[in-house]
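[1] how does the following fold in three dimensions:
(one chain, ligands or ions: 1)
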Amino acid sequence: MFITKDIQYVGVNDHQVDLFEGHYIVPEGMAYNSYVISDGKVAVMDTVDAHFTDEWLGNIKGLLGDKAPDYLIVQHMEPDHSGSIKSFMDAYPDATIVSSQKAFSMMANFFEGEDFADRRLVVKEGDTLEIGKHALTFVAAPMVHWPEVIMTYDPADKVLFAADGFGRFGALDVIGENSKEDDDWACEARRYYFGIVGKYGMQVQAVLKKAAGLDIEKICSLHGPVLVDDLGYYIGLYDTWSKYESESEGVVIAYTSVYGNTKKAVELLAEKLEAKGVPAVEVTDLARDDMAEAVEDAFRYDTVVFATTTFNNDIFPFMKEFINSLIERNYQNKRLAFIENGSWAPQAAKVMKGMLEGCKNMTYAENEVRIVSALNDESRAKIEALAEELASAYK
Ligand code: FEO
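    Now for the predicted structure:
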């Protein structure tokens with residue numbers, strides 16, 4: 001695949017991985033992107049996961065034949081991209097690795113002391129590597145997603161190589177090679193963003209500010225399709241997400257239910273919210289649905305209802321994991337409501353509010369629903385009142 005006349009794709013698709021990063025389901029597989037920039041000198045942008053080293057080296061060989069690359073630019077040391085560095089350097093002994101100082105420290109740890117001391121070029125913010133007419137400029141992007149990350153801007157072709165930034169779950173042979181072919185970018189890019197980078201909104205904002213000064217026509221992430229056309233759409237979403245602003249109007253109801261009674265309350269609330277014209281109502285069973293999708297929705301929409309049971313003098317484990325996942329990603333700027341269930345000493349709402357109390361700029365619904373074992377007229381009336389209160393904000 002040609003990105004531009006001089007930049008070609010040499011990445012791989014992974015349909016074997018069960019959990020990406022040991023954590024995330026990837027029903028569409030995963031892409032580990034890598035690119036070759038051919039000029040007077042040849043630079044390879046990042047490697048791939050170690051399970052795909054041979055395929056990747058074959059892609060490079062297929063493209064370059066007997067010509068050897070001069071540079072391997074390592075933007076990120078997480079093993080999904082760094083896993084084939086050693087094999088590449090063995091295959092091309094005259095190549096130089098170009099990366100940040102922090103990345104070389106990590107390299108020594110990942111490769112048992114091998115930090116390629118005699119074959120390396122350390123770069124930092126603003127440094128340039130000229131390989132011909134392409135003068136590659138490096139942009140420090142710490143914590144997007146690890147501290148050593150650099151991005152690379154090619155002013156000749158107006159391409160930003162964005163490391164994990166603008167990444168998306170999904171293999172390119174399923175989702176398409178560029179954003180014109182990919183009609184569902186935001187969904188899986190959002191789940192990726194909030195799962196993997198969500199904690200680091202401030203650092204993403206810093207990179208977006210630097211990117212605003214660059215003339216960019218294409219964004220080449222290490223995951224997902226090459227972004228072309230209407231880059232403002234993708235950059236705008238990243239801006240919204242990294243500012244922790246809500247992207248969409250609507251209510252997420254995240255629940256756990258042991259015997260189905262809390263579920264009945266949730267279904268009743270969802271029905272009422274829809275009937276009252278709430279723009280979107282998303283219901284997620286935290287024990288059975290994808291937790292990363294629930295986290296994504298909780299950041300996307302402006303209102304979240306937490307519904308769970310009192311359990312071991314605390315709350316049900318899946319709800320605890322969910323709330324912790326939000327808190328550790330700097331959850332803020334939302335309207336929250338609570339439904340609790342308890343058969344003898346209900347206290348789930350108190351526990352949930354206590355967990356969330358450190359989050360910035362939260363507003364709390366006045367109506368709170370308490371279910372004692374199962375719905376009754378009193379709790380049904382509370383659900384009606386809560387539905388009315390939440391829906392009134394959209395009128
Ligand atoms: Fe795609 Fe942070 O690795």
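[2] show me where the stretch 151-300 of the chain has strands.
    Using DSSP state E, counting those that start in this stretch, the strands found in the stretch 151-300 of the chain span residues 159-161, 218-220, 227-228, 248-255, 281-285.
[3] so who does the closest residue to I60 other than its chain neighbours touch?
    Nearest residue to I60 in three dimensions, chain neighbours excluded: V10, at 5.4 Å (Cβ to Cβ, 6 or more residues apart in numbering). Where C-beta positions appear, they are placed from N, C-alpha and C, glycine not excepted. Contact analysis of V10 by Cβ atoms under 8 Å, 6 or more residues apart in numbering lists 34-36, 44, 56, 59-60, 63.
[4] Y255: which of the residues you listed is nearest?
    Closest approach to Y255 among the contacts of V10 (Cβ to Cβ): S34, at 41.8 Å.
[5] quick one, phi psi at that closest one?
    Here is the backbone geometry of S34 (degrees, to the nearest 10): phi -150, psi 150.
[6] that one and the ligand, how far apart?
    For S34, the distance to the ligand equals 12 Å [Cβ to the nearest ligand atom, to the nearest Å].
[7] what's the burial count for that residue?
    When neighbours are counted by other Cβ atoms under 10 Å, S34 registers 25.
[8] wait, isn't it in contact with T47?
    Yes: between S34 and T47 a contact is recorded at 6.4 Å, counting by Cβ atoms under 8 Å.
[9] need the overlap of contacts for these two.
    56, 81.
[10] all the helices of the protein, residue numbers only.
    With DSSP state H as the criterion, the chain has helices at 53-64, 79-82, 85-91, 101-110, 172-175, 185-192, 201-211, 231-242, 261-275, 291-300, 317-327, 348-356, 377-392.
[11] those helices: which one's closest to D14?
    Taking Cβ to Cβ, helix 79-82 is the member of those nearest to D14, at 8.6 Å.
[12] what average pLDDT does that closest one get?
    In this model, helix 79-82 has a mean pLDDT of 98.
[13] wait, what's in contact with the closest residue to the ligand within the chain?
    At 3.5 Å from the ligand, E78 is the closest residue in the chain, using Cβ to the nearest ligand atom. Contacts here follow Cβ under 8 Å, 6+ apart; on that basis E78 touches 21, 145-146, 164.
[14] and the buried ones among the residues you listed, selectable in ChimeraX?
    Restricted to buried positions by 16 or more other Cβ atoms under 10 Å, the ChimeraX selection for the contacts of E78 reads:
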select :145,146,164
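[15] show the pLDDT at the residue positioned nearest the centre of the chain.
    For the chain, Y193 is the residue whose C-alpha lies nearest the centre (Cα atoms, centre = their mean; 1.9 Å). The per-residue pLDDT reported for Y193 equals 98.
[16] could you measure from the closest residue to H223 other than its chain neighbours over to I175?
    Counting by Cβ to Cβ, 6+ apart, H223 lies nearest to G167, which is 3.5 Å off, once chain neighbours are set aside. Separation of G167 from I175 (Cβ to Cβ, to the nearest Å) stands at 12 Å.
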